[in-house]
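[1] Fold the following and give me the result.
(2 chains)
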Amino acid sequence: MNAQANKPFTVVGERLPRYDGADKVTGKAIFGPDVALPGMLHGFILRSPHAHARILSIDTSRAEALPGVYAVVTAADLPPAESTDHRYAHDNTFAGDKVLYVGHAVAAVAARTPPIAEQAARLIEVEYEVLPAVTDVLEAMRDDAPILHDDMRTHSLAGRGDKPSNVASHFQQLKGDPARGFAEADVIIEREFHTATVHQGYIESHAALATWSDDGVLTVNTTTQGSFAFRDHLVWLLDLPMSKVRVIPTEVGGAFGGKNTSYLEVPAALLARKARRPVKITMPRPDVFLATGPSSGAFFRVKMGATRDGHITAAQAELCYAAGAYPGSPVGSGANVMFGPYVIPHGQVDGYDVVTNGPRVSSYRAPGGTPANFAAETVIDELAEKLGLDPIEFRLRNHAKEGDERIDGGTHGSIGGIEVLEAAQACDHYNAPLSGPNRGRGVAHAAWGNWGGRSSCTLSVNGDGTVSLVTSSVDLSGTRTTIAMQAAEALELPPERIRPSVGDTDNTGYADVSAGSRTTYATGIAAIQAAEDIIVQMEARAAALWDVPAERVTYARGVFASGTDQRFTFAELAEQVTGSGGSVSSIANVDVAEWGAGFSTHIADVEVDPETGKVTLLRYTVVQDVGQAVHPTMVEGQMQGGATQGIGWALYEGYAYNEQGQMLNANFLDYKIPTALDVPMIETVIVEVPYPKHPFGVRGVGEPPIVPPPAAIANAIYRAIDVRPTHLPMTPAHLLEKLGLIES
Amino acid sequence: MTNKTLISATINGEPVEFLCEPHQSLLECLRDILGLTGTKEGCNDGNCGACSVLLDGQLVNSCLVLGVEIQGRAVTTVEGLADWRGLHPIQQAFLEADGFQCGFCTPGILIATKALLDREPDPTEADIRAWLSGNLCRCTGYDKIVRAVQAAACRLYAECEVNV
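    Numbering: from 1, shown residues only, chains lettered A, B, ... in the order given. Okay, the predicted model is just below:
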């Protein structure tokens, strides 16, 4: 890959209209719930009303007898599970011998209309033996906690535990000698933090439409972040050949990690096979909260020490993440975020993945990072305060550089964290006066790792000199445009000559999910490689037409040339070659093993009403290293949108459970996400420290901005009212409790 | 078959007749009977605004209106914004200002914006935020939506340059 990071760009960096924009503003874009087929039936999933119960019996006969019902399926319709992980996936599709959370799928019905399907599902008789439930992570770790999985033993460095436990695993990262590091410290701060389970809160619910051909090919239209990941899930659970499952992604109405995981596709496929008709299932909003994959609630204990001159000597943290019903919380990436930006001479991080009676967690934008950053950056802020240092200055003194060793054993690559902090220090917001009672300004800083992964891009030259671009990377918020812009840049063609689209699992190369801030980055690399190959092929075609050696043909700014007299524009050559010798196309498949981390600093100004505890955001700025902004408007949009999700996490959002493990707020009224009234204009400062291993210097952008908001707001609240929040969300009740005005 | 009612209404300026079951919401009628899938369902309980339409010019959540209630009335959905001349100025403003990301809440926000600008040609940022507080967007953080509404107001009512 040739590093062209200093090359002046003609397309990259422009604020172009989105290729999918017209369809998105006219209602023509087809999202998951919009897909329909003639003769289609409607599916409905019966879910557990209990957080923890043994299933004694399921009787579907009354449902099956209802007129208009075509099929009823349960766990008995799935092929048997062959491994522990397989069984977890199996049981999360339809409960096996136990239900483990309210909303756990038990059975599904396909009927002529949605009301008949729902009515039939209510006729299914399930006999439960209700068991005690546990939803809090610390309670689930107690020796006397109700056990979710009788065969679960804790995996740790010491091996496998000897008694049943809800702690699925314990890992430890250790660097140096923490005891020595703390002994060298002049100031030590140790604090505990609790954070609630939160949901991605995409506005489009899940929806899947399954249909079978009579020769056994399954086609599923669905809203997904990864058509291949969903295909593989269907193959895994239904025991089908990969070539006989086709997943066609729709437009996706928000995902943020929550549509990495398949929920409805297997039930829809089972129903459609049994009914011999297409079956569509759309998930009602309450079920989205109850039965998809939110992000972990967590507990943290953080201890940090520093010298009087402002250098961190040691850091220690314990992270306990609630995984929901089956293991797999993002505690690992939470651990990496914890002290990620800083040089920690002596450090220890212990992570616990704990099952609880809630829905199995999935990814949510920078999985695990936000609550860990809240804990660590609150302690960092307190250390800076105790040392009498400006919070940004303290972070700069301890910031890692390329080549520094991390606690997790890796070393930092090319990072722009210092540049981000310096830009924050210099920005207008940080230097503007803030006066008035009960007002405060806070900052927080974060490192997020990002991702590379597998991507595929196909380019085909058309006879009129336009180029069709197809990727298998689902476009969640504009990546068709950013990928096409990189192809246009590499092809040295105007962007309107490229037409990008998203393919399906039958007609594109394999791609990982559109997640981990990887799509513009990694699929962009595939597009650039395909473009470079197109140029080589076109040069060879020109050489043949001109009867000169291929190396004599040059290409620049859309023109092929040989010597001084032979010249073709891209379009002229395209017209010639597509009419003779076959068309020119190229597919590039990449597995990008290295990527640039994304650093961000957020600045928040708040005002707290000391009587009600209400927090008002007065001003908010996001500073972030994006490597190279391919489309600055969309980069700003990612920074603003990510920050706003983080603001929701900070102030409003959290699953509320009662003692029976019932979620009390499974709707958008009681689970409040930020509205237009809750946030100010979000200011953005784009920092560009090019990532050297991407041809244009691109880094992932989407995830980093969700990480710092809770800590930035908590630190601002402290400056405003002199108490440090320790819980997310930082509700009025939590702040009043901290102020001593109400009892907990 | 349950008792169906024949509904005659005007949708996006055209006369429409359809059979509607008494329990069906206007949202279900639009999407499932009339094929107007531009109007989206986000929550089906009136909290997200993705299903916003105009009913006789008033902004409503179509999930909270019964289909039978639109008898003889006029409904405008996102499909009714653009006409033979092309995109509506509000759509054009959202397109140019990148006032959307995934695009799912966008139809509702466009309709809510039309309702706002029909009554208030020059809304302040606070007016826009208050008016749109019934339309949840999870992608944008609202910044570019607010700017797009301001740009749309300029396009509709003023000769002005808008920087977004």
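
[2] all contacts plus neighbour counts: C-alpha atoms, from now on.
    Fine.

[3] ok, now how distant is residue A:384 from residue A:394?
    For residue A:384, the distance to residue A:394 equals 6 Å [C-alpha to C-alpha, to the nearest Å].

[4] Can you work out which residues contact both of those two?
    residue A:310 (C-alpha atoms under 8 Å, 6 or more residues apart in numbering or on different chains).

[5] Against the centre of chain A, work out the most remote residue.
    Computed with C-alpha atoms, centre = their mean, the residue of chain A farthest from its C-alpha average is residue A:565, at 53.2 Å.

[6] How many residues are close by residue 86?
    Going with chain A. Using other C-alpha atoms under 10 Å in any protein chain shown, the number of residues around residue A:86 comes to 14.

[7] Chain B was what I was after
    10.

[8] mind listing the strands for chain B?
    B:5-11, B:14-20, B:52-55, B:58-61, B:74-76 (DSSP state E).

[9] Deepest-packed of those, please.
    Mean neighbour count (mean count of other C-alpha atoms under 10 Å in any protein chain shown) peaks for strand B:52-55 among the strands of chain B, with a mean of 26.

[10] in its sheet, what does it sit against?
    strand B:58-61 (antiparallel), strand B:74-76 (antiparallel) (DSSP bridges).

[11] I'd like those strands written out as CSV, with mean pLDDT added.
    Output for the strands paired with strand B:52-55, formatted as CSV (pLDDT from 0 to 100):
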stretch, mean pLDDT
strand B:58-61, 98
strand B:74-76, 98
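
[12] Out of those, which is closest to residue B:30?
    strand B:74-76 (9.8 Å; C-alpha to C-alpha).

[13] How far away from the center of its chain is the closest one?
    How far strand B:74-76 lies from its chain's middle: 10 Å, per C-alpha atoms, centre = their mean, to the nearest Å.

[14] ok, and what's touching that strand?
    With C-alpha under 8 Å, 6+ apart as the criterion, strand B:74-76 contacts B:9, B:10, B:11, B:12, B:13, B:53, B:54, B:55, B:56, B:57.

[15] What of stretch A:144-160?
    The contact list for stretch A:144-160 (C-alpha under 8 Å, 6+ apart) reads A:52, A:100, A:132-134, A:139-140, A:161-172, A:325, A:355-357.

[16] Flag every buried residue along it.
    By 16 or more other C-alpha atoms under 10 Å in any protein chain shown, the buried positions in stretch A:144-160 come out as A:145, A:146, A:147, A:148, A:149, A:152, A:153, A:154, A:155.

[17] again, but for stretch A:704-723
    Neighbour counts over stretch A:704-723 (16+ other C-alpha under 10 Å) mark A:704-721, A:723 as buried.

[18] list the contacts for the nearest residue to residue A:167 once chain neighbours are set aside?
    Counting by C-alpha to C-alpha, 6 or more residues apart in numbering or on different chains, residue A:354 is the residue found nearest to residue A:167 once chain neighbours are left out, at 4.4 Å. With contact taken as C-alpha under 8 Å, 6+ apart, residue A:354 is in contact with A:137, A:140-141, A:166-169, A:320-324, A:327, A:329.

[19] coming back round to it: for residue A:528, state which of the buried residues of stretch A:144-160 is nearest.
    So of the buried residues of stretch A:144-160, ranked by how close each gets to residue A:528 (C-alpha to C-alpha), first place is residue A:155, at 42.9 Å.

[20] how much space between the residue nearest in space to the middle of chain B and chain A?
    Residue closest to the average C-alpha location in chain B (C-alpha atoms, centre = their mean): residue B:111, at 2.6 Å. From residue B:111 over to chain A the distance is 11 Å, taken as C-alpha to the nearest C-alpha, to the nearest Å.

[21] isn't that residue right up against residue B:80?
    No. Using C-alpha atoms under 8 Å, residue B:111 is not in contact with residue B:80, being 9.6 Å away.

[22] could you point out which element follows the helix or strand harbouring residue A:73?
    For residue A:73, the host element (DSSP states H and E) is strand A:69-74. Proceeding N to C from strand A:69-74, the next assigned helix or strand is helix A:84-93, under DSSP H and E.

[23] Please name the residues that touch the closest residue to residue A:206 other than its chain neighbours.
    Distances taken as C-alpha to C-alpha, 6+ apart place residue A:283 nearest to residue A:206, at 5.4 Å, with adjacent residues excluded. Each residue near residue A:283 by C-alpha under 8 Å, 6+ apart is listed here: A:205, A:206, A:207.

[24] And the buried residues of stretch A:144-160, which is closest to residue A:96?
    The closest of the buried residues of stretch A:144-160 to residue A:96 turns out to be residue A:149 (C-alpha to C-alpha; 11.8 Å).

[25] Next one, pLDDT for the closest one please.
    In this prediction, residue A:149 carries a pLDDT score of 98.

[26] again with residue A:6
    In this model, residue A:6 carries a pLDDT of 52.

[27] do residue B:48 as well
    So residue B:48 comes in at 98 (pLDDT).

[28] from what I can see it touches residue B:136, true?
    Yes. Counting by C-alpha under 8 Å, residue B:48 touches residue B:136, with 5.0 Å between them.

[29] Now do the shared contacts for these two.
    In contact with both residue B:48 and residue B:136: residue A:203, using C-alpha under 8 Å, 6+ apart.

[30] Which of the buried residues of stretch A:144-160 fall within helices?
    Nothing among the buried residues of stretch A:144-160 maps onto helices, per DSSP state H.

[31] Check the separation of the first and last residues in stretch A:31-51.
    32 Å.

[32] quick one: average confidence on that stretch?
    Mean pLDDT, stretch A:31-51: 98.

[33] got the buried residues for that stretch?
    For stretch A:31-51, by 16+ other C-alpha under 10 Å, it's A:31-36, A:40-51.

[34] all helices in chain B, in order from the N-terminus.
    With DSSP H as the criterion, chain B has helices spanning B:26-28, B:89-97, B:106-119, B:125-131, B:143-157.
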